[in-house]
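> No letters, just coordinates:
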């Protein structure tokens, strides 16, 4: 079992930056692949970015590629999402998720075993 807690959300103007953090407790953090998803009002929860256990392989949704960067610090049990050049369409609740299986980064929410409570990101135009 692992518990995930996100932080770092807030209100920012278009073009600005935010960094989200997700800190894990419980079982060893480094055994999990991690990902960020987001859910806008009236929309499904969608994959944003993922990172393998060792941090050497990442994957991004096309809508954020080149603007967002996912990283992790296994010593701190934390995964980050650096978000630059934010747009109003990035407004959503952002969730981190953990996948306990050893496999390529998956983008389907049902494949993830643990979830945080979410943090709100609002980008004003």
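Thanks, I have it. The structure displayed is predicted, hence computed values, not measured ones.
> CA atoms for contacts and neighbours, from now on please.
Fine.
> So which residue is smack in the middle of this protein?
Nearest to the geometric centre of the chain sits residue 36, at 2.1 Å (CA atoms, centre = their mean).
> now the strands: where do they sit in this protein?
Counting by DSSP state E, the chain has strands at residues 2-7, 10-13, 18-26, 33-39, 46-51, 58-60, 68-73, 78-83, 92-99, 114-115, 119-124.
> what packs against the fourth one?
Contact partners of strand 33-39 among helices and strands, from 3 or more CA pairs under 8 Å, 6 or more residues apart in numbering; DSSP states H and E: strand 46-51, strand 92-99.
> same deal with the longest one?
Strand 18-26 is packed against strand 2-7, strand 78-83, with contacts defined by 3+ CA pairs under 8 Å, 6+ apart.
> hmm, back to that, how about the nearest residue to the residue nearest to the centre of the chain, chain neighbours excluded?
residue 96 (4.5 Å; CA to CA, 6 or more residues apart in numbering).
> Let me see the contact set for the one you found.
Residues near residue 96 by CA atoms under 8 Å, 6 or more residues apart in numbering: 4, 6, 22, 34, 35, 36, 37, 115, 116, 118.
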